[in-house]
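# got a structure for you, letters missing:
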């Protein structure tokens, strides 16, 4: 499932980057895309635990800091171990 989403994202980003005939009705799409990449990097819709570990860790720290959780939860506690497995078909 992860691989399918990742491949679909790559196709979508490739189409979005082809501004010879824009795929969205966003004005100045080339400039907005360049701004997003400058701010967030080329993979601004990152998937997966490792790509988002810092964000998840920060969220969990804030969650605990605000008293919304009784203890500081670690990122790896959020996901089943099978989440880390990948398969090649």
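Yep, it's here. Quantities reported herein were computed from a predicted structural model and do not represent experimental measurements. Residues are numbered from 1 along each chain as shown.

# need the residue in this structure that's farthest from the chain's center.
Residue farthest from the centre of the chain, counting by Cα atoms, centre = their mean, is residue 70 at 27.4 Å.

# got the phi/psi numbers for that residue?
phi -70, psi -20 (degrees, to the nearest 10).

# so how far is residue 63 from it?
11 Å (Cβ to Cβ, to the nearest Å). C-beta here means a position set from N, CA and C on the backbone, and glycine is covered the same way.

# swap in residue 28?
Taken as Cβ to Cβ, the span from residue 28 to residue 63 is 37 Å.

# what does residue 50 give?
20 Å.

# more neighbours: those two, which one.
residue 63 (13 against 10; other Cβ atoms under 10 Å).

# please identify the helix or strand for the more buried one.
helix 49-65 (DSSP states H and E).

# can you give me the helices in this structure?
2-17, 29-40, 49-65 (DSSP state H).

# for those, which one sits closest to residue 77?
With distances scored as Cβ to Cβ, the stretch of these nearest to residue 77 is helix 49-65 (8.8 Å).

# stretch 37-55: end-to-end distance?
End-to-end distance for stretch 37-55, by Cα to Cα, to the nearest Å: 18 Å.

# avg pLDDT for it?
For stretch 37-55, mean pLDDT is 90.

# try stretch 16-30
82.

# spit out the contact partners of residue 32.
residue 26 (Cβ atoms under 8 Å, 6 or more residues apart in numbering).

# out of the helices of the chain, flag the one nearest residue 85.
Closest to residue 85 of these is helix 2-17 (Cβ to Cβ; 9.6 Å).
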